[in-house]
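Asks: next input, structure requested:
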Amino acid sequence: MTAIKDIYTLRPDGTHWTVPQDFDVAFNWDYDDGRQSMMHLYRKGVEMQWNAETRIDWSQELDEDNPEQLPEQMLPIAGMATYEKMGRKDKADVRRHFQAWQISQFMQGEQGALICAAKIVTQVPDADSKFYAATQTIDEARHVESYKRLLEKFRVAYPMTPPLQELIDQVLRDSRWDMTYLGMQVVIEGLALAAFQQIRDHAQNPLAAAVNAYVMQDESRHVAFGRLALRDYYPQLTQKERDEREEFLLEACYLMRDRFDAVEVWKNLGLDPAECAAHMYDSGFMQMFRSSLFTRIVPIVKDIGLWGTTITKGYEEMGILGYADTDVQALQDADNDIASEFDARNKYVQSVMDRAANLEPAE
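Replies: Numbers count the residues shown, from 1 in each chain. This is a model prediction of the structure:
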């Protein structure tokens, strides 16, 4: 069996990363049902648990030249002169490494989400939020497992990229429980949903598409959880406290827009990181990614009430203020429906195979 530690192209700095913590553990002696909307989400989280071993057909393989079978424009350096001069084998190597780098960040980020969800259970004062966060914790463990198994088929893995590590480090070090929500449920989950969506909607490889569809079904619930909790909490804060959170959001959006440039991949393949980053910044891939990213984040920020001068001015300067009118509920409903469509297709294919097997003459 392939071990992730044996397929890292770059060795991580040690086998563990420790982040010092300083926060209160909150017990709640009031065991009533709490908010109806939160308890509904909790029960939905319980009912929609799934087993990565059985829901996903792991016998499916990846394509040799283009593992996820993505369109060429989904490679951010497609069209760059250096890339276009490469032969078939070298181009295939670039595709495999970039796609493996993406899946590696998904796997690493899901471990960050796993730890943040556990921190929310420990720290949040409301019992109903603890209940839901407990279901999210098992969701995130399943996501780590799913991306690990997908990554093993690439036979290439990358450590957590520094910009993602910077975001997670900032979220985990903050002692305020709402900042864990804000950083993980709004920012990092929004980043993840944007990246997952690109693969789910464009990959022709059924295994890669299915993994991302099923993970997105869970993640859309997690974002709804953050919306419910923070929408109730932020009206209680002072303007100074809200301004501080808006500044964090603005910095995080600049970080996600400008610094996720896969420099580790380009260096590892002997390409010029500066040339790749310059081409990547204005590529169709990045334009599509940014649109998906801010569609997922900006309307949530408005919905939870962090919509003061700091954030609206900053988003206007970034040219993303218009995303605030996106119908978030429609996005979440679509994520759920698309995953259900994958299940229906799988059941149909299995039924056809079963009927064919029953028609085979006995030897």
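
Asks: report the contact partners of Leu167.
Replies: Counting by C-beta atoms under 8 Å, 6 or more residues apart in numbering, Leu167 touches 183, 187-188, 252, 255-256. Backbone N, C-alpha and C define where each C-beta goes, glycine included.

Asks: pick out whichever of those residues sits closest to Glu152.
Replies: Ile188 (23.7 Å; C-beta to C-beta).

Asks: pLDDT of the helix or strand where Ala356 lies, averaged?
Replies: Using DSSP states H and E, Ala356 sits in helix 328-359. Mean pLDDT, helix 328-359: 88.

Asks: could you number the chain from 45 rather than 1 from now on?
Replies: New numbering, starting at 45: the last item is helix 372-403.

Asks: which parts of it are buried?
Replies: 372, 375-376, 379-380, 382-383, 386 (16 or more other C-beta atoms under 10 Å).

Asks: same question, stretch 106-120
Replies: 106-107, 110-114, 118-120.

Asks: next: stretch 194-214.
Replies: 194-198, 200-205, 207-209, 211-212, 214.

Asks: now swap in stretch 161-170 and tell me
Replies: Per 16+ other C-beta under 10 Å, stretch 161-170 contains these buried residues: 161-168, 170.

Asks: now, the residues you listed that are in helices?
Replies: Members of these lying in helices (criterion: DSSP state H): 161-167.

Asks: reformat those residues as JSON lines; add distance to Gln242 and pLDDT.
Replies: As requested, those are exported to JSON lines (distance: C-beta to C-beta, whole Å; pLDDT from 0 to 100):
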{"residue": "Ala161", "distance to Gln242": "24", "pLDDT": "96"}
{"residue": "Ala162", "distance to Gln242": "28", "pLDDT": "97"}
{"residue": "Lys163", "distance to Gln242": "28", "pLDDT": "96"}
{"residue": "Ile164", "distance to Gln242": "27", "pLDDT": "95"}
{"residue": "Val165", "distance to Gln242": "31", "pLDDT": "96"}
{"residue": "Thr166", "distance to Gln242": "33", "pLDDT": "96"}
{"residue": "Gln167", "distance to Gln242": "33", "pLDDT": "95"}
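
Asks: which single one of the residues you listed is nearest to Leu337?
Replies: Ala161 (21.4 Å).
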